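**Q** Predicted model and sequence below, questions to follow.
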Amino acid sequence: MSLTDTAIRTVKRSTKPFKMYDSDGLFLLVNPGGSKLWRWRYRFEGKEKLMALGEYPLLGLAQARERHLAARKTLALGVDPMAERKAQADAKQEEAKALSREAENSFEKVARKWWAWWSIGKSPRHAATVMARLEADVFPVIGHLFIDAVETLHIRQIMLTIEERGARDVAKRAHEVIGQIFRFAVARGIATKNPAAAFKPRDILAAAKTENFARVDEKDLPELLVKMEDYNGDAITKLGMKLLAYTFVRTNELIAAPKTEFDLDTPRWVILEERMKMDTPHIVPLSRQAVEVVKAILLLTGNSKHLLPGALDKNKPMSNMAILSALYRMGYRGRMTGHGFRGIASTILHENGFEEAHIELQLAHMKRDKVAAAYNHAKYLKQRAEMMQWWADYLDGKLARGRQALAA
């Protein structure tokens, strides 16, 4: 006779285990301790096997019969039910392991491993800025994804979102950093591809609105600064180049500057609004080094109203070709221009963690309307002054390094 729920519930314990049979090899093993275990005895390829189906009452009679029937159907197909169940359990275990590996190798976790490796020897400010930008712009979009699940379209969207807020250079650097993370991961067998390598920033970002003036790389700065320091041409031109390097203003803003724009007590240089592209005044905080250069220029120029008067006519400003010609004489034709100092400063200040807004405002790139003009030109002055002093100290350090290289 088949089992009933009543018979199972009311069965009395025994000092020895015994079986309560249902049908087709299904039975309930009742142990002395009170546990009741569903078992099924069957034969596969001539061998007798015993399959555990579950424990009563967690698995009731009806459920046990369903499980038993499913196993019998598997057996009827010529498949060992126990072997199939083990294969399914193994597959679930592998899936769980794969999910665990994916969680461990999420883009964010791999990126943080890369950062810990990459940041060794880097400027703490620069390293902190790179991580801050990852946390602000990248991790919210792809941080949770398994690294091989990141696609080109994800990176593209990150860059376009950054560009929309007016930070094109930051968008380019995001592409560069993401590419570095993927190269790190591919080299270590963590990732199988680098989706950032599929395109260049210029393939999706709008063209830069500013002109691309020739400039040397950071590694070539020490040599350039030594040659500027040793320049044996016109003294005022030489000092003008130094002031341009320290302040990274536009060349025409420097050469046409009247002396009245400079306040060495503050110390700052306020370029008059009529001389600016934005038609608003532009404040240039002067570093200690820049102040010394201006003082040296003033000693040479006498009563001229221009800070940098022309070589032949002191009542006119220096020729707009004077600084470029000096760079040519030093061997930098096609390699460096006066405007090039702006690009060098922008790149290095960004890489060393200075705020985008502070750099862009100091470069006079920030968009201004008439209402905000009076406020914007004086915005972040304290931070900009600290940045300009850091920049001057940085250049002096590069000059010293160039001297050391020549002496070696």
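**A** Received, thanks. Numbering: from 1, shown residues only.
**Q** Give me the secondary structure label for E163.
**A** Under DSSP: H, G, I helix; E, B strand; the rest coil, E163 falls in the helix class.
**Q** Rounded mean pLDDT for stretch 191-204, please.
**A** Stretch 191-204 shows a mean pLDDT of 93 in the predicted model.
**Q** what comes into contact with it?
**A** The contact list for stretch 191-204 (CB atoms under 8 Å, 6 or more residues apart in numbering) reads 105, 110, 147-148, 150-152, 154-156, 159-160, 171-172, 175, 178-179, 182-183, 185-186. Quick note: C-beta positions are derived from backbone N, CA and C, even for glycine.
**Q** can we see that at 10 Å?
**A** 105, 107, 110, 142, 146-148, 150-157, 159-160, 163, 168-169, 171-186, 208 (CB atoms under 10 Å, 6 or more residues apart in numbering).
**Q** I'd like to know which of these are buried.
**A** Neighbour-count burial (16 or more other CB atoms under 10 Å) applied to the contacts of stretch 191-204 gives 105, 107, 110, 142, 146-148, 150, 154-156, 159, 163, 168-169, 171-175, 177-182, 184-185.
**Q** Just those residues: which are in helices?
**A** Counted as lying in helices by DSSP state H, out of those, are 107, 110, 142, 154-156, 159, 163, 168-169, 171-175, 177-182, 184-185.
**Q** Where does pLDDT dip in this protein?
**A** Across the chain, the ranges flagged by pLDDT under 70 are 1, 96-103, 208-212, 277-279, 366-377.
**Q** all strands in it, in order from the N-terminus.
**A** 18-21, 26-30, 36-44, 47-56, 262-263, 268-271, 282-285 (DSSP state E).
**Q** May I see these arranged in CSV, with distance to T6 and mean neighbour count as well?
**A** Formatted as CSV, the strands of the chain follow (distance: least, CB to CB, whole Å; neighbours: other CB atoms under 10 Å):
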stretch, distance to T6, mean neighbour count
strand 18-21, 12, 14
strand 26-30, 13, 21
strand 36-44, 14, 17
strand 47-56, 13, 15
strand 262-263, 102, 16
strand 268-271, 97, 20
strand 282-285, 93, 22
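**Q** how about those strands, which one is nearest I190?
**A** Distance to I190, taken as CB to CB, is lowest for strand 47-56 among the strands of the chain, at 40.0 Å.
**Q** can I get the CA coordinates of that closest one in CSV?
**A** Written as CSV, here are the backbone C-alpha positions of strand 47-56 (Å, rounded to 0.1, in the frame of the first residue of the first chain):
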residue,chain,number,x,y,z
LYS,A,47,24.1,-1.5,-10.6
GLU,A,48,21.8,-0.8,-7.6
LYS,A,49,21.9,2.8,-6.4
LEU,A,50,20.3,4.8,-3.5
MET,A,51,19.3,8.4,-4.1
ALA,A,52,18.5,10.8,-1.3
LEU,A,53,15.5,13.0,-2.1
GLY,A,54,15.1,15.1,1.1
GLU,A,55,14.0,15.1,4.7
TYR,A,56,10.4,14.9,6.1
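**Q** Sheet partners, orientation included, of it?
**A** Here strand 47-56 is paired, per DSSP bridges, with strand 36-44 (antiparallel).
**Q** Need the CA coordinates for the strand it pairs with. PDB is fine.
**A** Output in PDB follows, covering the C-alpha atoms of strand 36-44 (Å, rounded to 0.1, in the frame of the first residue of the first chain):
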ATOM      1  CA  LYS A  36      12.700  10.700   8.600                       C
ATOM      2  CA  LEU A  37      14.600  10.700   5.300                       C
ATOM      3  CA  TRP A  38      13.200  10.100   1.800                       C
ATOM      4  CA  ARG A  39      15.200   7.600  -0.300                       C
ATOM      5  CA  TRP A  40      14.800   6.000  -3.700                       C
ATOM      6  CA  ARG A  41      16.300   2.700  -4.600                       C
ATOM      7  CA  TYR A  42      16.900   2.100  -8.400                       C
ATOM      8  CA  ARG A  43      19.200   0.300 -10.800                       C
ATOM      9  CA  PHE A  44      21.300   2.000 -13.500                       C
END
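**Q** So what angle separates the directions of that strand and strand 26-30?
**A** 140 degrees (axes from the mean of the first three to the mean of the last three CA atoms, to 10 degrees).
**Q** from the middle of its chain, how far away would strand 36-44 be?
**A** 59 Å (CA atoms, centre = their mean, to the nearest Å).
**Q** picking that back up, quick one, which of the strands of the chain is nearest to H306?
**A** Using CB to CB, the nearest of the strands of the chain to H306 is strand 262-263, at 11.5 Å.
**Q** Figure out how far the closest one is from the centre of its chain.
**A** For strand 262-263, the distance to the chain centre is 39 Å (CA atoms, centre = their mean).
**Q** Return the list of helices and strands in contact with it.
**A** strand 268-271, helix 288-301 (3 or more CB pairs under 10 Å, 6 or more residues apart in numbering; DSSP states H and E).
**Q** How about residues contacting the shortest one?
**A** Outside of strand 268-271, the residues that reach it under the criterion CB under 10 Å, 6+ apart are 243, 247, 249-250, 253-254, 256-258, 260-263, 280-286, 290-291, 294, 307, 364, 377-378, 381, 384-385, 388.
**Q** And I120, how close does it get to T129?
**A** Between I120 and T129 the computed distance is 16 Å (CB to CB, to the nearest Å).
**Q** again, but for K200
**A** Going from K200 to T129 by CB to CB gives 23 Å.
**Q** If you count surrounding residues, which of the two has more?
**A** T129 (19 against 11; other CB atoms under 10 Å).
**Q** who touches the more buried one in this structure?
**A** 123, 173, 350-356.
**Q** Next: V110.
**A** 104, 143, 146-147, 150, 181-182, 184-185, 188, 190-191.
**Q** That one and A132: what is the separation?
**A** 18 Å.
**Q** Now a ChimeraX select for only the buried ones of the contacts of strand 268-271.
**A** The following ChimeraX line selects those of these that are buried, judged by 16+ other CB under 10 Å:
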select :243,247,249,250,253,254,256,257,261,262,280,281,282,283,284,285,286,290,291,294,307,364,377,384,385,388
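**Q** Mind checking which of the contacts of strand 268-271 land in helices?
**A** 243, 247, 253-254, 290-291, 294, 381, 384-385, 388.
**Q** and of these, the nearest to A87?
**A** R384 (67.3 Å).
**Q** if we can go back for a sec, columns distance to A76 on top of the strands of the chain, output as CSV?
**A** Shown next, in CSV, are the strands of the chain (distance: least, CB to CB, whole Å):
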stretch, distance to A76
strand 18-21, 21
strand 26-30, 15
strand 36-44, 11
strand 47-56, 15
strand 262-263, 97
strand 268-271, 91
strand 282-285, 87
